[in-house]
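Enquirer: Return a 3D structure for these sequence lines:
(one chain, ligands or ions: 2)
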Amino acid sequence: MTRRFITFEGIDGAGKSTHIGRLAERLRGRGANVVVTREPGGTELAEQLRELVLHRSMDPLTETLLVFAARRDHLQRVIEPALARGDTVLCDRFTDATFAYQGGGRGFPLDVLGTLEGWVQGALQPDLTLWFDLDPAAAAARRAAARAADRFESEDTAFFARVRTGYLARMAAAPARFARIDSSGPRDEVERQVDAALEARGW
Ligand SMILES: Nc1ncnc2c1ncn2[C@@H]1O[C@H](COP(=O)(O)OP(=O)(O)O)[C@@H](O)[C@H]1O
Ligand SMILES: Cc1cn([C@H]2C[C@H](O)[C@@H](COP(=O)(O)OP(=O)(O)O)O2)c(=O)[nH]c1=O
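Expert: Numbering: from 1, shown residues only. Ligands and ions are numbered 1, 2, ... in the order given. This next block holds a predicted model:
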């Protein structure tokens, strides 16, 4: 398998972490070199920024600048070198999350996000974005059963409905890059959709 940059997106609790692990195993079984990483995070510096973003209160501009700062470090130290080696990169969230959470959720201006996107990543975009789409109430129920909430996960379903609308808008702007995965069914059914999205691209 040649170089691929695949991102996993969706509201908290939609199933990204579950399926990133499953896909990594399947691709490794086929002989691919796979790097699994996440945002904000993926480097020592970016993981420190993640702690701040997830647990300290701050205004939406500060939040936006920190997620892009984390992304810049992650791109330079991990993602770009891995893609240059020909590895497959599976990344739990990327810039679509900034448009969805800071843009949709917080109402931060999308044109400023677009400018920062250009500064931080140039023309680089994922080759495929798997958008795990789940109703906000269903996602909240899955989260409640699984873990304690961070700053984002404590938001109400109206916030997550705006985040979801943010993802829809990003998909509408770049439909060829996106595959929408209906996350409402059992794990194996969701996994079949992930496989189908890769197969549809001949991967
Ligand atoms: N298809 C599914 N049906 C029911 N529960 C699921 C499904 N997929 C994942 N879960 C569970 O829901 C919770 C949230 O899933 P997770 O993969 O952590 O989501 P995310 O990474 O998108 O926040 C976890 O406890 C996980 O085991
Ligand atoms: C990458 C990114 C994440 N986030 C938020 C969304 C998530 O609530 C949080 C961390 O994401 P995530 O890794 O999905 O959390 P968890 O480990 O609990 O599954 O960061 C943003 O607000 N903007 C961003 O650009």
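
Enquirer: Ligand 2 contacts on this structure?
Expert: Selection of the chain residues close to ligand 2 by C-beta under 6 Å from any ligand atom yields 12, 17, 38-40, 54, 67, 92-93, 97-98, 101-102, 152-153. For every residue, glycine as well, the C-beta is placed using N, CA and C.

Enquirer: Tell me what residue 90 is bridged to.
Expert: With DSSP bridges applied, residue 90 shows beta-bridge pairing to residue 6, residue 36.

Enquirer: wait, doesn't it sit right on residue 39?
Expert: No. When contacts are counted by C-beta atoms under 8 Å, residue 90 is not listed as touching residue 39 (11.8 Å).

Enquirer: Who are the packing partners of the helix or strand bottoming out on mean pLDDT in the chain?
Expert: Of all helical and strand segments in the chain, the minimum by mean pLDDT, DSSP states H and E falls on helix 136-146, at a mean of 94. In terms of contact count using 3 or more C-beta pairs under 8 Å, 6 or more residues apart in numbering; DSSP states H and E, helix 136-146 is assigned the packing partners helix 157-173.

Enquirer: Alpha carbons of the least confident helix or strand of the chain, as PDB, please.
Expert: Extracted in PDB, the C-alpha atoms of helix 136-146 (Å, rounded to 0.1, in the frame of the first residue of the first chain):
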ATOM      1  CA  PRO A 136     -25.600  13.700  19.400                       C
ATOM      2  CA  ALA A 137     -28.000  12.100  22.000                       C
ATOM      3  CA  ALA A 138     -26.800   8.600  21.000                       C
ATOM      4  CA  ALA A 139     -23.200   9.700  21.200                       C
ATOM      5  CA  ALA A 140     -23.800  11.200  24.700                       C
ATOM      6  CA  ALA A 141     -25.200   7.900  25.900                       C
ATOM      7  CA  ARG A 142     -22.200   6.000  24.600                       C
ATOM      8  CA  ARG A 143     -19.800   8.500  26.300                       C
ATOM      9  CA  ALA A 144     -21.700   8.400  29.500                       C
ATOM     10  CA  ALA A 145     -21.300   4.600  29.700                       C
ATOM     11  CA  ALA A 146     -17.600   4.900  28.900                       C
END
